[in-house]
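Chemist: One predicted model, sequence on top.
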Amino acid sequence: MIDSKELDFDAIVVGSGISGGWAAKELTEKGLKVLVLERGKPMEAGSGYLGEHAPNWKLPFQGKKPRELYETQYPVQSKVTHSFNEATRQFWNNDMENPYAMDEGKPFLWARSDVVGGRSLIWGRQTYRLSEQDFEANATDGHGIPWPVGYKDIAPWYSYVEKFAGINGKKEGLPQLPDSEFQKPMPWFAIEETIHERLKKKAPDVTLTNGRVAILTEDLPGRKACHYCGPCARGCSTGSYFSSQSSTLPAAQATGNLTLRANSVVDRLEYDSESGKVSRVHVIDAETKERLSFTAKIFFLCASTVGSTQILLNSASEDFPDGLANSSGVLGRFMMDHTLGLSGVGLFLDNMDSYYHGNRPTGLYIPRFRNLEGQDDDLDFVRGYGYQTVTLRTDWQTNYNSKGFGASFKDSLRKPGPWIFALAGFTECLPRESNRMYLSKDKVDRYGIPQVVFDFEWSENEINLRKDATKQADRLLKAAGAVLAIGGDDKMSTPGEGIHEMGTARMGADPGESVLNAYNQTHDVPNLFVTDGSFMTSASCVNPSLTYMAFTARACDYAVKQIAEGRL
Amino acid sequence: MNRREFLQCAAILMSGATASQLGFTLNEEQTVYLASAPNYNTNPVDYFSDGQRKIVAAMSEVIIPRTDTPGAIDAGVPAYIELMVANWFNDGERVIFNAGLADIESRIPVQYGKPFNQLSAQQQLEIMEALEEAESDSPWYEFGNVLREFISDAPFICQFKELTVWGFFTSQEGATQVLRYDPMPMYFDGDTALTPQDSSWSTFL
């Protein structure tokens, strides 16, 4: 714990999740004295994972969820992810203590963690590169503004973070989904091989490949290959999946240059007109409510898209009346999230005599296959979607509502049933000015900080993408040989449910219509960087965390060089 | 297992050689670290009368009897049901359950001359089948209607069955002796042989 309010650091990083962890690692390894401020509770890697490996018979209610507690204390967090349960609840925010507001009739689910490590502890671990087509999408179809960064600029940084994070997957050589630096891929179920053979013949326009995940299949220093227990979201004391706790924070700690302060809610950044820089960060201690402030040469906001944007908006001053670094007026706008949901569920009677050993913590993936060579003539949408797949063997959990009694009933429930192979579409979202977050004028949180208000709706393009994903899922499941294909219902996920909120401080070449330059540095304030999802100029359809890692590492490299050149 | 023991265990995992090279797998005691609470179904509860307890136990055993493997009573299902009705059900669900149980308690001795738990296996089965038949069009039985926490207006027999099946297969006995349990599989193989007699894995919820 830091007891002096006068400590000076080279860099202050706000947030200890995926982006903050990377900023901490990169900056400390380059010799900077770094303070990481995390609003959540302290937690130790490993020993802090209270639910890890707890068998079902030890869980409260043997795994049935305590409904009243969730409805009264966790109405958002318990809805936003299926992995919210008594074995993972410790990582999440209590909604009653951390309220936010929504515009009338426009629901938004804001998933928030409440511990050191942030959402890196509970993320889905899916890691995909954006492609050249993704970086050119805005310039090509005119939605949003052009990215100031191309694929070739960021590709080396993808490689750099992938080698450290540990990604497993299979090389495919696809232009729309560039290969990463892979560890050996996880094996497949026999039913998946069967489906793959059929798709190659009957749906050659799609590729079925491994889900690319930040989970080790080969040991890395201090981290072990996956032991296939299954529920990653409970935390992993062997560090087999990438989290700040398992990977970047220990690396930062090892330099001796890291100071980590939990329970530190950032209120605002102070802008100094004379120097034209941020001079100080104002913090409220979550436990004692004591007010503190810290100074540094450079500041990295990595507090998640909504968190960082809230801090900037709340840091308005005479120089920046609409929010710090917001001379463009776009801060808080152009918010995006991915729509997601089951697009189709197929029942299969093949490979019934084949079973499995171990719980593979990912499904397979079908990369984008629509609008690849420019705009397809027959489609009523731009851009595309990918499918994450789920393979499971039905068991008592899928059949416990069957009829019957006695020994034969028991026997049928204890044995595996047919296979299920399901497709979940993740669709791209266009950047639109009207999708935004802003600060409430009259509602404050328990620290007196104005609450975030969301005003977000899906547009016709996302709705049409989702419909197409459902239609194509039916085609693919039938081509795959499903004896029964149950269609999704085209229902749009609630905004925020993708937990991929992004774009509210987008990067661009023109300071008049973007907050950040190509190096995640704000146009207005040279010593201020934002490297979480806020910077995303477009959303792609792939899971974004890997991109946050790569841009964070690149921004740190740039910032340190700028310091060395005497510019910061 | 206390904190120190856990940290030692984690240290082994983190030190150099892979777990498989060491022939190292976590034993069961080590894998329950912070969920080292007693088994849920051994928690104290005092909601049913003694007579009701006997009926609930007998009913659960009709659904999942002891065969060459443990049955509902062996697996602590009666206590699980009592805990869930007392502590997990909402008021409306409790009203349905209490009424259903009161019906068995009062009606069966009139019809059969003895309480449910003293009837022959055949008579018990007959009563349970009649309960299920009377509710056979309940949406609770619809195929795939399992991805939810609970159906609050489900009839008594459906409530009872859900708690019995769930309580059985998530119990230690059900998971380890009827299903197959391996909390630390160490590798993934997607194509192993399955014979018609093999059980499913017990997986983490």
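Modeler: Okay, I see it.

Chemist: rest of the way, CA atoms for contacts and neighbours
Modeler: Will do.

Chemist: quick one: contacts for residue 163?
Modeler: All of this is about chain A. A:181-182 (CA atoms under 8 Å, 6 or more residues apart in numbering or on different chains).

Chemist: wrong one, chain B
Modeler: B:80-81, B:84.

Chemist: what sits against residue B:144?
Modeler: A:398-399.

Chemist: Residue A:301 now?
Modeler: So residue A:301 contacts A:13-15, A:20, A:308, A:528-532 (CA under 8 Å, 6+ apart).

Chemist: How about the residues of the stretch 401-550 of chain A by chain B?
Modeler: A:401-407, A:409-410, A:414-416 (CA under 8 Å from any CA of the partner chain).

Chemist: Skipping adjacent residues, who's closest to whichever residue of the stretch 51-200 of chain A sits closest to chain B in space?
Modeler: Closest residue of the stretch 51-200 of chain A to chain B, CA to the nearest CA: residue A:189 (3.8 Å). Using CA to CA, 6 or more residues apart in numbering or on different chains and skipping residues adjacent in sequence, the residue nearest residue A:189 is residue B:190, 3.8 Å away.

Chemist: just to revisit the earlier point, now the residue of the stretch 51-200 of chain A closest to chain B: phi and psi?
Modeler: phi -70, psi 150 (degrees, to the nearest 10).

Chemist: same deal with the one 5 residues further on?
Modeler: Backbone torsions of residue A:194, given as degrees, to the nearest 10, read phi -60, psi -50.

Chemist: And for it, the neighbour number?
Modeler: 14 (other CA atoms under 10 Å in any protein chain shown).

Chemist: Could you work out the end-to-end span of stretch A:497-514 for me?
Modeler: 26 Å (CA to CA, to the nearest Å).

Chemist: Now do the buried residues in that stretch.
Modeler: Using 16 or more other CA atoms under 10 Å in any protein chain shown as the test for burial, stretch A:497-514 gives A:497-509, A:511, A:513-514.

Chemist: Please pull out the lowest mean pLDDT helix or strand from the chain.
Modeler: Because you didn't say which chain, this covers chain A. strand A:101-102 (a mean of 78; mean pLDDT, DSSP states H and E).

Chemist: That was the other one, I meant chain B.
Modeler: Lowest-scoring helix/strand for chain B, mean pLDDT, DSSP H and E: helix B:28-31, at a mean of 34.

Chemist: What is the helix or strand following that helix packed up against?
Modeler: Using DSSP states H and E, the helix or strand that follows helix B:28-31 in sequence is helix B:50-63. Applying 3 or more CA pairs under 8 Å, 6 or more residues apart in numbering or on different chains; DSSP states H and E, we find helix B:50-63 packed against helix A:406-414, helix B:77-87, helix B:91-112, helix B:121-134, helix B:156-169.

Chemist: same question for the last one, mean pLDDT?
Modeler: Right, the one you point to is helix B:156-169. For helix B:156-169, mean pLDDT rounds to 98.

Chemist: starting at the chain centroid, how far to it?
Modeler: Computed by CA atoms, centre = their mean, to the nearest Å, the chain-centroid distance of helix B:156-169 equals 7 Å.

Chemist: Pull it out as CSV, backbone CA atoms only.
Modeler: Written as CSV, here are the backbone C-alpha positions of helix B:156-169 (Å, rounded to 0.1, in the frame of the first residue of the first chain):
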residue,chain,number,x,y,z
PHE,B,156,-45.5,-30.8,-7.8
ILE,B,157,-44.4,-33.9,-9.5
CYS,B,158,-42.2,-31.9,-11.9
GLN,B,159,-40.7,-29.9,-9.1
PHE,B,160,-40.0,-33.1,-7.3
LYS,B,161,-38.4,-34.8,-10.2
GLU,B,162,-36.2,-31.8,-11.1
LEU,B,163,-34.8,-31.6,-7.6
THR,B,164,-34.3,-35.4,-7.4
VAL,B,165,-32.5,-35.7,-10.7
TRP,B,166,-30.4,-32.5,-10.2
GLY,B,167,-29.7,-33.4,-6.6
PHE,B,168,-28.6,-36.9,-7.6
PHE,B,169,-26.3,-36.2,-10.5
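
Chemist: OK, contacts around residue A:101?
Modeler: Here residue A:101 is in contact with A:440, A:451-454 (CA under 8 Å, 6+ apart).

Chemist: at 10 Å what do you get?
Modeler: A:107-108, A:437-440, A:443-444, A:451-455 (CA atoms under 10 Å, 6 or more residues apart in numbering or on different chains).

Chemist: for residue A:462, same thing?
Modeler: A:338-339, A:381-385, A:427-430, A:468, A:492.

Chemist: now do residue A:220
Modeler: Contacts of residue A:220 by CA under 10 Å, 6+ apart are A:163-166, A:239-240, A:247, B:16.

Chemist: Give the bridge partners for it, please.
Modeler: residue A:223 (DSSP bridges).

Chemist: Most neighbours among the contacts of residue B:163, please name it.
Modeler: residue B:81 (26 neighbours).

Chemist: Residue B:77 versus the closest residue to that residue other than its chain neighbours, what's the distance?
Modeler: Computed as CA to CA, 6+ apart, the closest residue to residue B:81 that is not its neighbour in sequence is residue B:163, at 6.0 Å. Distance, residue B:163 to residue B:77, by CA to CA: 8 Å.

Chemist: Setting the sequence-adjacent residues aside, check what's closest to the residue sitting nearest the centre point of chain B.
Modeler: Centroid-nearest residue in chain B, with CA atoms, centre = their mean: residue B:167, separated by 1.5 Å. Closest residue in space to residue B:167, ignoring its immediate chain neighbours: residue B:77 at 5.5 Å, by CA to CA, 6+ apart.

Chemist: Could you tell me how many residues sit around that neighbour?
Modeler: There are 28 residues near residue B:77, going by other CA under 10 Å.

Chemist: I'd like the average pLDDT over the helix or strand harbouring residue A:558.
Modeler: Element membership for residue A:558 (DSSP H and E) is helix A:545-564. Averaging pLDDT along helix A:545-564 gives 98.

Chemist: Just list what that helix packs against, helices and strands only.
Modeler: helix A:18-29, helix A:151-165, strand A:291-301, strand A:528-530 (3 or more CA pairs under 10 Å, 6 or more residues apart in numbering or on different chains; DSSP states H and E).

Chemist: Which pLDDT value goes with residue 46?
Modeler: All of this is about chain A. 88.

Chemist: Wait, chain B was what I had in mind.
Modeler: 98.
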